[in-house]
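Participant: Please work out how this folds:
(chains A and B)
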Amino acid sequence: MSFNLLVASCLAYVIFLFAVAFLVERRSGAGRPGWLRSPLIYTLSLSIYCTAWTFYGAVGYAARSGLEFLTIYLGPTLVFIGWWWILRKLVHIGRQQRVTSIADLISSRFGKSNSLGVIVTLMAIVAVTPYIALQLQSVVLAFDVFARAAPAAEARPAGGQIAIWVAAGLALFTILFGTRNLDAKEQHTGIVTAIAVEAVVKLVALIAVGVFVIWGLSGGVSGIIARIDASSLHDWQLQPGRWTALIFLAGVAVICLPRMFQVIVVENSDDGQLARASWAFPAYLMAMSLFIVPIAVLGIERLPEGANPDMFVLTLPLAEGQGGLAMLAFLGGFSSATSMVIVEAIALATMVSNHIVIPTWLRLRRSGAISEDVRSLVLNARRLSIGIVLALGYGYYRVSGGSGALAAIGLISFVGVAQFLPAMMGGIFWRGATRTGALLGLITGFAAWAYCLFLPSFGAGAFIPAHVMEQGPWGISWLRPEALFGTDMSDPLVHALFWSLLLNSAVFCIGSILSFPGPVERLQSAAFVNVFEGPVGPQRWAQGAAEPEALLVMTQRIMGEEDAQILFETAARAQGKSESMLPDPTPAFLASLEEKLAGSIGAATAHAMISKLVGRDTVTVEDLMVVARESAQLMEHSAQLEEQREELARTATALREANDKLTTLSVQKDAFLSQVSHELRTPMTSIRAFSEILAEGDLPPATVARSGGIIRDEAVRLTRLLDDLLDLSVLESGKVQLSVSLVSVRDMIERAILATEKIKPGRDIAFIRDTTAETIWMRTDADRLTQVFINLIANARKYCDSSHPAIRIAVRVRGGRVRIDVADNGKGIPKASQPVVFEKFWRLPGEARASGAGLGLAICREIVTNLGGTIDYLPGQGGAAFRVALPLRIGEGGGA
Amino acid sequence: MGTGQSRRVLLIEDEPNIAEAIVFILSRDGWEVTHIADGAAAPEAARRLDPALVILDHMLPGMSGLEILIALRADPLTAAVPVLMLTAKGLPRDREAAERAGASRFMTKPFSNAGILAEVRALTGGGTDAAAGQR
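Facilitator: Got it, this is the predicted structure:
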């Protein structure tokens, strides 16, 4: 088989993958992800767990250690079936917190600490670089196998040359599809789909080889079973300790490996994917492992002594002359290696660029404003990081010289990434876990891993001197790398796993207990641990499921009512709505709102509060309350102060008004009492004076008569005054008893004229009347209304100073109301006095005044008011003129 | 300035019956009482008559008793004449206002006939037998 043909088919395969990724990206970009987000693709993408190590190495593993290779599959199987809920929690947190990598998860959980991000990133690089090198090595070995089989005449490149070409090609492919655009979710639909295709290829290849081995070489199932029984594998013994450790390790690795975290958490888009994967992924693993043992057995049986068991998958078909099958197997292995490298590179590059390159760049650029396009900066950082990661992998491959069994390198990596476990699990299940604890635990665990497993793996003397390996540093035997504290487990891997994780967890817990979390940490711990509280849906932020009312209420609580109102009105206007409506919770609005709120309560809290309302239940209500309490209390306090101030102002105004009213009343009362006193004392003075004169006796009869007459007149005057006062009091109190009857206006006027005839009897006064118009029947209190007419006519008789006095009485009905005007032709009431004519004790000034107390018009006004009408002075009528307006029927208003 | 021997009294009172009573009482005692009801005419009447005493009602049409009092005190011819103020209003502040304006005495209506006679005698320096007898 031509080596060139192999290279050509490899290139063709890569171009095919390229096309798949490209088409998928385009389809996805058009917004129709459809089946691309199906659980099937998701499950297949998880198959990057099966790297070249699994594809080639599992057979080698089986050939060396029997069924132990199964532990690598059992671990993930147990996790996906038994601890599915841990994955679900991780996936939820990943979606809600927009987690981009395992470093991001841990850094974000512990208060968005970048130092944690850096440490996790560096640890991941150190732990995973050998693993990447392993993939390159497998590709090189595979090429080598074909090269050996090829005719010697054909030129073939050296292993290192192949490795560099593969590394460069993978870097190019990863850069092209891993950094095409910047997605907050860091999802790569094209690459995931390409990986799914590769998953199918490697499964098909392995099954094809297996089928060939069983039915082509062994003569069926019974044949292969007989061969297995006969093989050396039969002697293999189960080591419970190592098995447990390896199953546990594989289960941890499937979560903690950066590439696995990438496909399980970051590339996940809904719970359905995970639910399907929980059984489909174990099924895939089972299919992958089904033919491992037969291939191993046949390889041992048929291939010459000293053949690399790791390459049985390739060498067996080649030895049997099955070039096509070998080619398929090669492509399967190639798929395993490339898919792993691509995803691992993306995952590590994301971590490197997000936690190391960008922060460093920002720090260096601190002096100047950031004016460049940050997007392109991030993408370039990511591209550079991919290059770095692959370069490191290649470098490790060259340094390590391509030695060592594939499986051993893989397990060392596993133990390295397993150090993330305590911080990760503690972070999502224990609210008490702190940044300090995580930091110390990670460093401790990593140091233990490096000291006990990683560094010794380079061989005694490479990094750790042989005498240290033998006797411990400075001769302290209990610090020997492979027997810490004197524990000799005879298995360095189990030993290192045990001690590194134990020390890691212990330091993590003690550190967490002894340290106090910061506010952001507390918030994040709530967000992570309580991720399932409340309704959670995928990508709700973008869909804007928040209630605008709830957003407004929250904003008011933080910014104050007025500012919040203005903000929301502006937003509503910007959305083309009327100001009275609330704006739609569009992503743009939510983003601007978060920005505004961040100014008041800090970015993390603002984000958390909006997340809460948008439906991403990242924090509990309780936590929100704690955060909001201070600002709420402040707002409430100032609102209370404002309220109290207004209340005080209102009270002061009311008091002032009441005081004014009281003062006015008091002044009025004083004036009234003073007036009453005057009106009473005046007649009393005359009465007393003349009664004293009379009491002297011995007076001329004329004087006696005169005195008696005056006393009688003043007594009458006093009585009348008291009557008027009492009458006025009753009328003013509104408790007057009205005796309503049907009565003619004309009758009442005539009675009034008759009653006033005794006033100035000598004068001849003309009455101008229209008796027809006066003939109106109305329901009212006849006596009271007549009293009004008497008052008005009497006043006219008394004070009309015309030489030809005349009193004009006009009656009109309009709109259910009767209008009676009484006017004389005298000089009338001076303009200044007109507004006060109805006040008590008001009297005409000057000589013209009569003996009345000045209560007549006041009584008239009270009577008319009680009858439901009005009385007014009519100015400009030539003389004194009054208008009485009353309802035709008492109790019925009617428009005037 | 009223002359000591003058028996003229100027009465300014708008209530006819009260005026009649005062005129009757003082006339019997030998006083020559001039009564006017219009306040506005009072200052002029006081200048013309040069009375030994002015009896002034507080509430008058045309011009109030207080205004008349102020006018009397402002005029050198009448500035020193004793003024007996009568009022039917019982409030203390009326009394204070009257005393500030220069009223010699202040009497509240109703008064006893003997009381007003005694006040008149006292204010005119006891120029009569009756007055002397009272002292």
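
Participant: make it CA atoms for all contacts and neighbour counts henceforth
Facilitator: OK.

Participant: Next, give phi and psi for A:Ser115.
Facilitator: Phi and psi for A:Ser115, reported as degrees, to the nearest 10, are phi -60, psi -40.

Participant: Which residues are in contact with it?
Facilitator: By C-alpha atoms under 8 Å, 6 or more residues apart in numbering or on different chains, the contact list for A:Ser115 reads A:Ser107.

Participant: so where do the strands sit in chain B?
Facilitator: With DSSP state E, the ranges of strands along chain B come out as B:8-12, B:32-36, B:53-57, B:83-87, B:105-108.

Participant: Looking at those, spot the one closest to A:Trp85.
Facilitator: For A:Trp85, the closest of the strands of chain B is strand B:83-87, at 105.2 Å, according to C-alpha to C-alpha.

Participant: angle of the closest one against strand B:53-57?
Facilitator: Interaxial angle of strand B:83-87 relative to strand B:53-57 (axes from the mean of the first three to the mean of the last three C-alpha atoms, to 10 degrees): 20 degrees.

Participant: partners of strand B:83-87 in the sheet?
Facilitator: In the sheet containing strand B:83-87, its partner strands are strand B:53-57 (parallel), strand B:105-108 (parallel), by DSSP bridges.

Participant: Mind exporting the C-alpha coordinates of that strand to PDB?
Facilitator: C-alpha atoms of strand B:83-87 as PDB (Å, rounded to 0.1, in the frame of the first residue of the first chain):
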ATOM      1  CA  VAL B  83     -63.400 114.900  78.100                       C
ATOM      2  CA  LEU B  84     -65.700 112.300  79.700                       C
ATOM      3  CA  MET B  85     -66.100 109.300  77.400                       C
ATOM      4  CA  LEU B  86     -69.100 107.100  77.400                       C
ATOM      5  CA  THR B  87     -69.200 103.800  75.800                       C
END
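
Participant: Name the stretch among the strands paired with strand B:83-87 that sits most buried.
Facilitator: Ranked by mean neighbour count, the strands paired with strand B:83-87 are led by strand B:53-57 with a mean of 26 (mean count of other C-alpha atoms under 10 Å in any protein chain shown).

Participant: any residues touching it, and which ones?
Facilitator: With C-alpha under 8 Å, 6+ apart as the test, strand B:53-57 has contacts from B:2, B:8-14, B:46, B:65, B:81-87, B:120, B:123-124.

Participant: which outside residues touch stretch B:98-108?
Facilitator: The contact list for stretch B:98-108 (C-alpha under 8 Å, 6+ apart) reads B:66, B:69-70, B:73, B:82-90, B:95, B:119, B:123.

Participant: again, 7 Å this time
Facilitator: B:66, B:69-70, B:82-88, B:90, B:95 (C-alpha atoms under 7 Å, 6 or more residues apart in numbering or on different chains).

Participant: Read off the pLDDT value for the residue of chain B found nearest chain A.
Facilitator: Using C-alpha to the nearest C-alpha, the closest approach of chain B to chain A is made by B:Pro110 at 4.0 Å. As predicted, B:Pro110 sits at a pLDDT of 89.

Participant: Once you drop chain neighbours, what's closest to it?
Facilitator: The shortest distance from B:Pro110 to any non-neighbouring residue, by C-alpha to C-alpha, 6 or more residues apart in numbering or on different chains, is to A:Thr685 (4.0 Å).

Participant: Now do the contacts for that neighbour.
Facilitator: Contacts for A:Thr685 (C-alpha under 7 Å, 6+ apart) come out as B:18, B:109-111.

Participant: before we move on, what about A:Gly518?
Facilitator: For A:Gly518, the contact set (C-alpha under 7 Å, 6+ apart) is empty.

Participant: go with 8 Å
Facilitator: By C-alpha under 8 Å, 6+ apart, the neighbours of A:Gly518 are A:Gly111.

Participant: Lowest mean pLDDT among the helices and strands of chain A, which one is it?
Facilitator: Across the helices and strands of chain A, the lowest-confidence element by mean pLDDT, DSSP states H and E is helix A:540-543, at a mean of 44.

Participant: And A:Met581, how close does it get to A:Ala550?
Facilitator: 14 Å (C-alpha to C-alpha, to the nearest Å).

Participant: try A:Leu116
Facilitator: From A:Leu116 across to A:Ala550, the span is 36 Å (C-alpha to C-alpha).

Participant: circling back to that earlier point, my read: the residue of chain B closest to chain A touches B:Ala88, true?
Facilitator: Yes. At 7.3 Å, B:Pro110 counts as touching B:Ala88 under the criterion of C-alpha atoms under 8 Å.

Participant: returning to that earlier point: can you flag the weakest of the strands paired with strand B:83-87 by average pLDDT?
Facilitator: What stands lowest among those, in mean pLDDT terms, is strand B:105-108, with a mean of 88.

Participant: pLDDT below threshold where in chain B?
Facilitator: B:1-5, B:90, B:126-135 (pLDDT under 70).

Participant: which residues touch A:Glu344?
Facilitator: A:132, A:258-259.

Participant: Can you name every helix or strand that the longest helix seen in chain B contacts?
Facilitator: The residue-count maximum for a helix in chain B (DSSP state H) belongs to helix B:16-28. With contacts taken as 3 or more C-alpha pairs under 8 Å, 6 or more residues apart in numbering or on different chains; DSSP states H and E, helix B:16-28 sits against helix A:621-696, strand B:32-36, helix B:113-123.

Participant: What count of nearby residues applies to A:Ser113?
Facilitator: A:Ser113: 18 surrounding residues under other C-alpha atoms under 10 Å in any protein chain shown.

Participant: Not counting its neighbours along the chain, what's nearest it?
Facilitator: A:Ser107 is the one closest to A:Ser113 (C-alpha to C-alpha, 6+ apart), at 4.9 Å.

Participant: Would you mind measuring from the residue most central in space within chain B to A:Ser336?
Facilitator: Of all residues in chain B, the one closest to the mean position by C-alpha atoms, centre = their mean is B:Ile55, 1.3 Å from it. Going from B:Ile55 to A:Ser336 by C-alpha to C-alpha gives 134 Å.

Participant: So which bits of chain B are right by chain A?
Facilitator: Counting by C-alpha under 8 Å from any C-alpha of the partner chain, chain B comes close to chain A at B:15, B:17-18, B:21-22, B:38, B:61-62, B:87-91, B:109-113.

Participant: rerun at 6 Å
Facilitator: Applying C-alpha under 6 Å from any C-alpha of the partner chain, we find that chain B lies next to chain A at B:17-18, B:21, B:61-62, B:88-89, B:109-110.

Participant: Going by neighbour count, which of the residues you listed are buried?
Facilitator: In those, burial by neighbour count holds for B:17-18, B:21, B:61, B:88-89, B:109-110, counting by 16 or more other C-alpha atoms under 10 Å in any protein chain shown.

Participant: what's the burial count for residue 49?
Facilitator: Chain wasn't specified; assuming chain A. 24.

Participant: oops, I was thinking of chain B
Facilitator: B:Leu49 is flanked by 14 other residues according to other C-alpha under 10 Å.

Participant: Now do the same contact list for it.
Facilitator: Listed by C-alpha atoms under 6 Å, 6 or more residues apart in numbering or on different chains, B:Leu49 has no contact partners.
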